[in-house]
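1. I would like to see how this sequence folds:
(2 chains)
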Protein chains: 2
Amino acid sequence: MGGLNARLAVGLVHYPVVNKFNEVVTSSVTTIDVHDIARLCRTFGVPEFYVITPLSAQRRLVQRIMKHWIEGFGGEYNPDRREALSIVKVVDTIDDMMENLRFEKDDAALIVSSAHDSDSAVSYEAARASLKKTGRAALLFGTAHGLDGSVLLKADIRLKPVKGAGEYNHLPVRCAASIILSGLLKQDTEK
Amino acid sequence: MGGLNARLAVGLVHYPVVNKFNEVVTSSVTTIDVHDIARLCRTFGVPEFYVITPLSAQRRLVQRIMKHWIEGFGGEYNPDRREALSIVKVVDTIDDMMENLRFEKDDAALIVSSAHDSDSAVSYEAARASLKKTGRAALLFGTAHGLDGSVLLKADIRLKPVKGAGEYNHLPVRCAASIILSGLLKQDTEK
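-> Residues are numbered from 1 along each chain as shown, chains lettered A, B, ... in the order given. The predicted structure follows:
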């Protein structure tokens, strides 16, 4: 089955996420997140990165960026960027992503991250141990102020939040994703 | 003296850095790096973040962004952003940063990060051990294709590169900084 990284797919969720008032919203795609998280996944050997948004205009935007960097001048000018963006997939919903990762009758495990702690949240080590025998796994990151509670509740594994030095807890999703992927996949990459 | 985080200052270097042809260049300030690394430092309790560029127009740009978020409408709209950008300092050169960190006769330790490995590069644990007795320390990140060799050679401590799953090694500086700070400061924050 290979390392966890090869079985993992990362999802960047634009719906359902919450805003600063904890209301469920659809956030806009931030193109820098697509670039950064693609490069991050490529670095850690994660083979697929799903950008998830129900807005078709936003899905077209991501596809246009990918086309520029994969087939257009961007790919010629910067082949490393092409290599990263080649792993991006654009889908409507989290369910679409999970359906893509299903293998025959086996659902993929759903892993979520949140800036808020919870009694059910586990360490990277515990998450890795639970994932030892599963097939594929989806690791979701929420944009805006994070994944809506409905997604957190459905998860098989909820990761402990990134722990800073105090109460300040406002990392950009691309930075949080960097810290979490590097922590979760340490043992796949540092051997 | 407190944890290492409280003694650390992060520097984002725009000169001297190298381009893809390994030529020494001055890179442009990317405003998202300023925002992201400020939020990252604030999260991990690093009290100062220096943006280093010899170009006065670029220094003015950073100061204008800071003014918007600290004194202007931005700070009112998003106080978390204000809190992060309040730790930013803008200087001409690495020497200026080091001079600021000097305490009486004690120079600050100079820590560098690079995507390229070296025999002299050390783990986060070894870096922490060497820094146990020093006063302040500067941790530099290079923009573009990384810090020029002249800076790497001057360093007291060179950190091991972020280790991915293979040869692909093109993380944005904001993502690399996230992984490195979180690794280096783990023991200050996870207790």
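2. Check whether the helix or strand of chain A with the lowest mean pLDDT comes near chain B.
-> Every helix and strand of chain A was ranked by mean pLDDT, DSSP states H and E. The lowest is helix A:73-77, at a mean of 84. No: using C-beta under 8 Å from any C-beta of the partner chain, helix A:73-77 stays clear of chain B, with a minimum separation of 10.2 Å. Heads up, the C-betas are built off the backbone N, CA and C, glycines and all.
3. hey, C-alpha coordinates of the next helix or strand after that helix in CSV?
-> Note on helix A:73-77: by DSSP states H and E, the next helix or strand toward the C-terminus is helix A:79-85. Listed next in CSV are the C-alpha coordinates belonging to helix A:79-85 (Å, rounded to 0.1, in the frame of the first residue of the first chain):
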residue,chain,number,x,y,z
PRO,A,79,7.9,23.5,-15.5
ASP,A,80,8.0,23.0,-11.7
ARG,A,81,4.7,24.9,-11.5
ARG,A,82,3.3,22.6,-14.2
GLU,A,83,4.3,19.6,-12.3
ALA,A,84,2.5,20.9,-9.2
LEU,A,85,-0.7,22.0,-10.9
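4. Please point out which parts of helix A:79-85 sit buried.
-> By neighbour count on 16 or more other C-beta atoms under 10 Å in any protein chain shown, the buried set for helix A:79-85 is A:81, A:82, A:83, A:84, A:85.
5. that older thread, return the distance of the least confident helix or strand of chain A from the chain's centre.
-> 26 Å (C-alpha atoms, centre = their mean, to the nearest Å).
6. and it, what other elements does it pack with?
-> helix A:56-70, helix A:79-85 (3 or more C-beta pairs under 8 Å, 6 or more residues apart in numbering or on different chains; DSSP states H and E).
7. what's next to it, contact-wise?
-> A:68, A:69, A:81, A:82 (C-beta atoms under 8 Å, 6 or more residues apart in numbering or on different chains).
8. can you tell me how far the last one sits from residue B:170?
-> Pointing back at residue A:82 there. Going from residue A:82 to residue B:170 by C-beta to C-beta, to the nearest Å gives 11 Å.
9. same check, this time on the second one
-> Here the distance between residue A:69 and residue B:170 works out to 13 Å (C-beta to C-beta).
10. Likewise for the third one?
-> Residue A:81 sits 8 Å away from residue B:170, going by C-beta to C-beta.
11. Common neighbours of those two, please.
-> Common contact partners of residue A:81 and residue B:170 (C-beta under 8 Å, 6+ apart): residue A:39.
12. Residue A:98: which of the helices and strands packed on helix A:73-77 is closest?
-> Of all the helices and strands packed on helix A:73-77, it is helix A:56-70 that lies closest to residue A:98, at 17.5 Å by C-beta to C-beta.
13. May I see the buried residues of that closest one?
-> A:58, A:59, A:61, A:62, A:65, A:66, A:69, A:70.
14. Identify the contacts common to residue A:69 and residue B:170.
-> Listed as contacting both residue A:69 and residue B:170 by C-beta under 8 Å, 6+ apart are residue A:81.
15. before we move on, the earlier item: want to try TSV for the helices and strands packed on helix A:73-77, with mean pLDDT and distance to chain B as columns?
-> Listed next are the helices and strands packed on helix A:73-77 as TSV, based on pLDDT from 0 to 100; distance: least, C-beta to the nearest C-beta, whole Å:
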stretch	mean pLDDT	distance to chain B
helix A:56-70	94	13
helix A:79-85	89	4
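16. Residue B:95: which of the buried residues of helix A:79-85 is nearest?
-> Of all those, residue A:81 has the smallest distance to residue B:95: 33.8 Å, by C-beta to C-beta.
17. Verify the stated contact: the closest one with residue A:35.
-> Yes: look at residue A:81 against residue A:35 with C-beta atoms under 8 Å: they come within range, at 7.2 Å.
18. Can you pull the residues of chain A lying near chain B?
-> A:3, A:5, A:32, A:35-36, A:39-40, A:42-45, A:80-81, A:83-84, A:162-166, A:168-172, A:174-179, A:182-183, A:185, A:188-190.
19. what do you get if the cut-off is 6 Å, keeping everything else the same?
-> Residues of chain A found near chain B (C-beta under 6 Å from any C-beta of the partner chain) are A:5, A:32, A:36, A:39-40, A:42-45, A:80, A:163-165, A:168, A:170-172, A:175, A:178-179, A:182, A:189-190.
20. How about the contacts made by residue A:49?
-> A:10, A:37, A:38, A:41, A:87, A:88 (C-beta atoms under 6 Å, 6 or more residues apart in numbering or on different chains).
21. now the angle between helix B:173-189 and the longest helix seen in chain A, please.
-> Using DSSP state H, we find that the single longest helix of chain A is helix A:173-189. Here the directions of helix A:173-189 and helix B:173-189 differ by 70 degrees (axes from the mean of the first three to the mean of the last three C-alpha atoms, to 10 degrees).
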